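Trainee: my questions are about this predicted structure, shown below with the sequence.
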Amino acid sequence: MRNLRLALVGFGTVGQGFTKLLSRKEHYLAEEYDLGVEVTAIVDTVLGTVVDHDGIDLDWALEKVEKDGEISDDKDPDTVGLIREEDFDVLAEITFTDIETGEPATSFIKGAIRSGKHVISTNKGPPALAMTELEELAEENGVIYRYEGTVLSGTPCINLGSEAMGGTEVTAIRGILNGTCNYILEEMEKGTAYEEALSTAQELGYAEADPTADVEGFDAGTKIVILANKLMGADLKISDLDRSGISGLTGDEVRDPDESGLKTKLIASAREDDGEINVEVGVEELPVDDPLAGVNGVLNAATFATDTLGDVTIIGPGAGSEATAQSLLTDLLAINDRL
Ligand SMILES: NC(=O)c1ccc[n+]([C@@H]2O[C@H](COP(=O)([O-])OP(=O)(O)OC[C@H]3O[C@@H](n4cnc5c(N)ncnc54)[C@H](OP(=O)(O)O)[C@@H]3O)[C@@H](O)[C@H]2O)c1
């Protein structure tokens, strides 16, 4: 049986979800994959840092956070030093996303790669800003950097396009890549005003207190840049996006689909025009027979136009603790496969 040692940096919603999943699937991973996973470090600037070379008891860590609101009082870790010096195989980088700088996550990822560790991450900042650099660095250092959870969380999307459909050429992508906007637009189709729909989304935990990244299309835009660069060979930056969100929409602009026969969706798209790949985020009215028209609530979806299969659409959860943790597990198993 192979034993992989993990360091978890970021122990928030997704970090704890991943810990729960690893604990729940311990026997399954041993039986089905002949794989043991040991977490030897958990690092979090709010919840504290624990290092145990014999493996941290994951249930203890989860119970401790629930009971005490922290796992230790070490809140000022030297994260880069720990990543470089500790002896582990895979860094799970699960800290907050900064789409302007990609930091501190990009430095954590580079530090891990340079010290010969594989990386799995759900953070959109690093691949949106430095995908090629990080992938080349990983190759030079003989390790693997995977980031499946950055788009559609655990619903296969990046690995669907790059691995499961290997050999096909993705010629265009259209997606519903932000569940918060999809939820709000659906409520508006029922006649609810934008502000009321947003505040319900916040009460339900779908939208942040500051919803700007979602409702102005930055989140969906970052994801379509990642997809276009990874699956269509583009070299785009977030500043290349032609972007508009949903915040300015009035009730008149979001029609009742029972009357119009059209569904209003925030669509992120990448397509080639005159040899150039363009990425865009904006509101579109879709005919009901478009597969994306039937994507309801906080679900996400992506349609890939391909040269061999025609259109392929995948629909599934785009966020959530366990759904995003699943992407880390998928990435971890893909690394295990290649060792
Ligand atoms: N939640 C989802 O459904 C979802 C889906 C797809 C992708 N993601 C991505 O996954 C990542 C984690 O999301 P999340 O929902 O788990 O966020 P979260 O609940 O805010 O957790 C992130 C944790 O990492 C800590 N942290 C920040 N900087 C750190 C550092 N320098 N060293 C160690 N720990 C640090 C955070 O502390 P602070 O409170 O100080 O920041 C927080 O406790 C984000 O990049 C997010 O965009 C999330």
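Mentor: Nice, I can see it. Numbering: from 1, shown residues only.
Trainee: the closest residue to the ligand within the stretch 151-300 of the chain: what's it in contact with?
Mentor: For the stretch 151-300 of the chain, the residue closest to the ligand is residue 153, as judged by C-beta to the nearest ligand atom, at 4.8 Å. Yep, even glycine has a C-beta here, placed from its N, CA and C like the rest. Taking C-beta atoms under 8 Å, 6 or more residues apart in numbering, we find residue 153 in contact with 122, 300, 317-320, 323-324, 326-327.
Trainee: now do residue 250
Mentor: residue 194.
Trainee: could you do the one 10 residues further on as well?
Mentor: The contact partners of residue 260, by C-beta under 8 Å, 6+ apart, come to residue 285.
Trainee: ok, back up a step: just the contacts of residue 153 that are near the ligand?
Mentor: Restricting the contacts of residue 153 to those near the ligand by C-beta under 6 Å from any ligand atom leaves 122, 319-320, 324.
Trainee: farthest pair in these?
Mentor: Farthest-apart pair in those is 122 and 320; separation 11.4 Å (C-beta to C-beta).
Trainee: okay, now the nearest residue to residue 215 once chain neighbours are set aside: neighbour count?
Mentor: Once flanking residues are discounted, residue 215 sits nearest to residue 247: 4.6 Å by C-beta to C-beta, 6 or more residues apart in numbering. If you count neighbours by other C-beta atoms under 10 Å, residue 247 ends up with 16.
Trainee: quick check, residue 247 in contact with residue 216.
Mentor: Yes. Between residue 247 and residue 216 there is a contact under C-beta atoms under 8 Å: 6.1 Å.
Trainee: I'd guessed residue 184 sits against residue 204; true?
Mentor: No. With contact defined as C-beta under 8 Å, residue 184 and residue 204 do not form a contacting pair (10.9 Å).
Trainee: give me the subset of the ones next to the ligand among the contacts of residue 153 lying in helices.
Mentor: residue 324 (DSSP state H).
Trainee: could you export the ones next to the ligand among the contacts of residue 153 as a markdown table, including neighbour count?
Mentor: Formatted as a markdown table, these follow (neighbours: other C-beta atoms under 10 Å):
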| residue | neighbour count |
| --- | --- |
| 122 | 27 |
| 319 | 21 |
| 320 | 18 |
| 324 | 26 |
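Trainee: and of the ones next to the ligand among the contacts of residue 153, the nearest to residue 91?
Mentor: Among these, residue 122 lies closest to residue 91 (C-beta to C-beta), at 12.2 Å.
Trainee: backbone dihedrals for the closest one, both of them.
Mentor: Main-chain torsions, residue 122, degrees, to the nearest 10: phi -110, psi 10.
Trainee: nearest to the ligand: which residue in the protein?
Mentor: residue 12 (1.9 Å).
Trainee: rewinding a little: where does the residue nearest to residue 215 sit: helix, strand or coil?
Mentor: Following DSSP: H, G, I helix; E, B strand; the rest coil, residue 247 is assigned to coil.
Trainee: what do you get for residue 73?
Mentor: Following three-state DSSP, residue 73 is assigned to coil.
Trainee: dump the residue contacts of it.
Mentor: Residues counted as contacts of residue 73 (C-beta under 8 Å, 6+ apart) are residue 48.
Trainee: neighbours of residue 116, how many?
Mentor: 11.
Trainee: name the SS class of it, please.
Mentor: coil.
Trainee: I'd like the distance between it and residue 205.
Mentor: Look at residue 116 and residue 205: by C-beta to C-beta, to the nearest Å, they are 39 Å apart.
Trainee: residue 148: what's it in contact with?
Mentor: 120, 154, 156-159, 327-328, 330-331.
Trainee: just curious, which of these is nearest to residue 265?
Mentor: residue 157 (17.1 Å).
Trainee: doesn't residue 151 make contact with the closest one?
Mentor: Yes. Assessed by C-beta under 8 Å, residue 157 is found in contact with residue 151 at 4.8 Å.
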